[in-house]
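> got a sequence here, can you model it:
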Amino acid sequence: MPRTTHRAGFALVALAYAATTTGGSVPTPLYVLYQHRDHFGTTMISVVFAVYVLGVVGGLLVAGAHADRLGRRPVLGAALALQLLACAVFLAWPDVPGLLIARVLSGLSVGLLSGPATAYLIELRRRAAPDGDPRQAEVVATAANLGGIAAGPLLSGVLAEWAPAPLHLPYVVIGIVLAAAAVLLAAVPETAAPADRPANRPLALVGQRRDLFLASCLGGLVAFAMFGLFSALSPTFLSGTLGHRSHALAGLVAFVGLGAGAVAQVGLRRLPPRPGVAVAAASMPVGLGFLVLAVWAGSLAAFVVGGAVTGAAAGLLLRACLTTVVQLSPPDRRAGTLATFFVTGYSGLALPVIGLGAASQLAGTPTALTGFALAGLAALTAVAILRLRPEPVA
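Residues are numbered from 1 along each chain as shown. Sure, this is the predicted structure:
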């Protein structure tokens with residue numbers, strides 16, 4: 001295909017990024033249907049989330065080792081192909097083994113994409129507008145990531161509620177979007193020429209301000225843990241506590257919490273990283289307080305408000321930490337440092353699903369959520385102390 005401009009390529013890569021993360025989150029409101037059909041419990045759902053995160057980590061390690069050597073476009077093309085293959089497995093093998101394999105493939109796709117897509121957007125933006133705001137690429141990258149994660153449950157929830165074949169049609173729809181994104185990706189100009197050199201280390205640290213880098217990685221873990229908390233808690237709270245069986249409502253509630261993260265990033269895109277961390281540290285306890293109140297009192301309104309505030313705070317925290325990691329990363333090791341950041345972050349995505357599920361069986365959901373919120377606030381406090389302390393004088 002004829003090559004587009006760097007500006008148009010920037011938009012196409014953002015579309016591919018959002019489509020891939022949407023594919024990774026489509027099954028979220030459908031797990032209730034899988035449970036009802038195959039008669040498995042919450043333990044199997046925890047296993048499904050765990051294998052997805054393992055796939056993400058595996059993809060991140062491959063991308064960290066080879067993305068700078070192979071170039072950006074081939075890695076993104078492979079990620080789109082894997083997500084398409086995951087959709088095909090969901091359609092052709094809907095039993096539990098197929099569900100597990102499809103989630104591994106989907107996780108590999110998201111992991112393979114996250115770091116290289118972010119680096120690709122940064123490089124395309126710099127070539128399209130050398131004098132423009134360098135933070136725009138980081139904002140678009142995190143907004144595409146979170147926007148896709150938020151759009152997946154909404155898409156599948158609406159289709160499951162009002163369209164036929166709820167365990168098949170969502171994968172057909174997102175598969176068409178992924179195929180279109182893969183075709184359009186062929187027109188995007190490459191920004192990192194393939195090089196005949198040995199593979200890099202899959203994970204990399206920065207040489208200077210390593211304390212700031214590690215604090216940013218911890219901040220990414222906290223942010224993803226909040227997204228995982230709301231995604232895991234929404235279907236259980238709506239159906240188990242409030243008795244709402246609507247799949248569309250479950251998808252909409254998840255969309256509100258996750259979409260708030262993307263909206264906050266775009267609305268406050270000019271906020272530098274340090275004030276962004278400060279705003280997140282001040283607002284996230286308020287959101288978690290509403291979530292805890294909602295679970296104890298059985299209030300849908302408090303749950304939605306708490307999810308929106310927590311999601312917005314987590315989105316700001318994620319963007320601030322990602323921007324810091326990009327600023328600290330040398331260009332020749334950007335893929336490795338971004339892989340380190342996303343490995344840490346996506347590990348946090350599984351913690352609420354596995355930990356909250358086990359703790360809920362032992363102590364009940366309200367007590368387990370309260371303990372998880374306190375642990376999250378403790379980690380957030382550590383990030384704020386490290387990130388907001390006075391900068392050393394040069």
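> buried residues, stretch 349-360. List them.
Neighbour counts over stretch 349-360 (16 or more other CB atoms under 10 Å) mark 349, 350, 351, 352, 353, 354, 355, 356, 357, 359, 360 as buried. Placement of C-beta: from N, CA and C, glycine included.
> show the contacting residues for residue 381.
residue 281 (CB atoms under 8 Å, 6 or more residues apart in numbering).
> which pLDDT value belongs to it?
At residue 381, the pLDDT value in this model is 94.
> swap in the one 10 residues further on?
Reading off the per-residue confidence, residue 391 sits at a pLDDT of 62.
> can you give me the neighbour number for residue 374?
Residue 374 has 11 neighbouring residues, counting by other CB atoms under 10 Å.
> that one: helix or strand, and which one exactly?
helix 365-388 (DSSP states H and E).
> below-threshold pLDDT in the stretch 201-350 of the chain: ranges please.
By pLDDT under 70, the weakly predicted segments of the stretch 201-350 of the chain are 201, 207.
> what segments of it are helices?
210-236, 247-267, 273-297, 300-328, 334-351 (DSSP state H, counting those that start in this stretch).
> same question for the stretch 1-150 of the chain.
Counting by DSSP H, counting those that start in this stretch, the helices of the stretch 1-150 of the chain are 6-25, 31-38, 42-70, 72-92, 96-128, 135-162.
> out of these, the one nearest residue 301 is which?
Judged by CB to CB, the one of the helices of the stretch 1-150 of the chain that comes nearest to residue 301 is helix 135-162, at 19.2 Å.
> continuing past the closest one, what's the next helix or strand?
From helix 135-162, the next helix or strand downstream (DSSP H and E) is helix 169-185.
> what's the nearest residue to residue 182 if we skip its chain neighbours?
Counting by CB to CB, 6 or more residues apart in numbering, residue 80 is the residue found nearest to residue 182 once chain neighbours are left out, at 4.3 Å.
> distance of that neighbour relative to residue 98?
21 Å (CB to CB, to the nearest Å).
> cool, residue 311 as well?
From residue 311 to residue 98 the distance is 31 Å (CB to CB).
> these two: who's more crowded?
Just comparing residue 311 and residue 98: by other CB under 10 Å the higher neighbour count belongs to residue 311, 30 against 14.
> ok so, going back, compare the helices of the stretch 201-350 of the chain and give me the one nearest residue 193.
Closest among these, using CB to CB: helix 334-351, at 14.0 Å.
> gap between the helix holding residue 374 and the chain center?
Relative to the centre of its chain, helix 365-388 is centred 19 Å away, using CA atoms, centre = their mean, to the nearest Å.
> again, but for stretch 45-55
The answer for stretch 45-55 is 14 Å, by CA atoms, centre = their mean.
> and what of stretch 298-315?
For stretch 298-315, the separation from the chain centroid amounts to 17 Å (computed by CA atoms, centre = their mean).
> list the buried residues for that stretch?
Buried residues in stretch 298-315 (16+ other CB under 10 Å): 299, 302-315.
> put the alpha carbons of that stretch into CSV.
Backbone C-alpha positions of stretch 298-315 (Å, rounded to 0.1, in the frame of the first residue of the first chain) are rendered in CSV as follows:
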residue,chain,number,x,y,z
GLY,A,298,-25.6,-2.0,48.4
SER,A,299,-25.8,1.3,46.5
LEU,A,300,-25.5,1.4,42.7
ALA,A,301,-25.1,5.2,42.6
ALA,A,302,-22.2,5.2,45.0
PHE,A,303,-20.6,2.3,43.1
VAL,A,304,-20.8,4.2,39.8
VAL,A,305,-19.5,7.4,41.4
GLY,A,306,-16.7,5.6,43.1
GLY,A,307,-15.7,3.8,39.9
ALA,A,308,-15.6,7.0,37.9
VAL,A,309,-13.5,8.9,40.5
THR,A,310,-11.1,5.9,41.0
GLY,A,311,-10.8,5.3,37.3
ALA,A,312,-10.1,9.0,36.6
ALA,A,313,-7.4,9.1,39.3
ALA,A,314,-5.9,5.8,38.1
GLY,A,315,-5.8,7.2,34.5
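> what sits against the closest residue to residue 308 other than its chain neighbours?
The shortest distance from residue 308 to any non-neighbouring residue, by CB to CB, 6+ apart, is to residue 260 (4.4 Å). With contacts defined as CB under 8 Å, 6+ apart, residue 260 is in contact with 307, 308, 309, 311, 312, 315.
> closest to residue 13 among those residues?
residue 315 (20.0 Å).
> wait, the closest one sits on residue 146?
Yes: counting by CB atoms under 8 Å, residue 315 touches residue 146, with 5.8 Å between them.
> what touches both of the two?
261, 262, 265.
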